[in-house]
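Visitor: give me coordinates for this.
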Amino acid sequence: MKFVLIFGPQAVGKMTVGQELARLTDFKLFHNHMTIDLVSHFFDYGTKEGKRLVGLFRQEIFEEVSKSNLNGLIFTYVWAFNMQSDWDYVKQVSQLFESRGGTVYYVELEADIEERLERNRSANRLEHKPSKRDIEWSDRDLKSSMEKYRLNSLEGEIEYSNYIKINNTNLSASEVARVIKDRFQF
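Guide: Okay, the predicted model is just below:
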């Protein structure tokens, strides 16, 4: 089992790169909004109830996938590097897959804010992430999160052996997916 964690700030292209990587491999894509948008029909993700349910759904999916005969799972995540709870979460999920013989691959994406704001309006993003369809709110949320959280790692901060950081400002999702596939020999 290969577990590919694609992380970076909002609208950096995690889901779209994940879609392309899934096309190039036989891995399944589990993008973070699959649970966020499901739960949002009942509770806002920012609420205690919303976060609890999203966490439960993700954990159950990870449990079953990590025990399955699937070749790989791609998961997207916004990792706040200034939040210990996010570090702990990544460690916990990674250890789950590793404890069952899986290998974890860490893919960090970064892109300029102007490009991210443009991607925030892309048809693919809006199709797959209903909660992002209020563009005005989504743009504000994207900008305000940059003030509150550090959403890309510092040089040398991530020490995992299966790690790559890609600035995809001027790269297509298919180009990035090819780089990932080649780097990790999927």
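
Visitor: let me see the ranges of the strands in this protein.
Guide: Ranges of strands within the chain are 2-7, 28-30, 72-77, 103-110, 163-167, based on DSSP state E.

Visitor: can I get those in a markdown table with mean neighbour count and mean pLDDT?
Guide: (C-beta placed from N, C-alpha, C; glycine too.) Below are these laid out as a markdown table (neighbours: other Cβ atoms under 10 Å; pLDDT from 0 to 100):
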| stretch | mean neighbour count | mean pLDDT |
| --- | --- | --- |
| strand 2-7 | 24 | 98 |
| strand 28-30 | 19 | 97 |
| strand 72-77 | 22 | 98 |
| strand 103-110 | 21 | 98 |
| strand 163-167 | 17 | 98 |
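
Visitor: for this protein, which spans come out with low pLDDT?
Guide: 124-131, 133-134 (pLDDT under 70).

Visitor: so what's the residue most central in space within it up against?
Guide: In the chain, the centroid-proximal residue (Cα atoms, centre = their mean) is T76; its distance is 1.7 Å. Contacts of T76 were listed using Cβ atoms under 8 Å, 6 or more residues apart in numbering, and they are 5-7, 14-15, 18, 29-32.

Visitor: tell me which residues of the lengthiest helix in the chain are tucked away?
Guide: Longest helix of the chain, by residue count under DSSP state H: helix 48-67. Applying a neighbour-count criterion of 16 or more other Cβ atoms under 10 Å, one finds 50, 53-54, 58, 61-62, 65-66 buried in helix 48-67.
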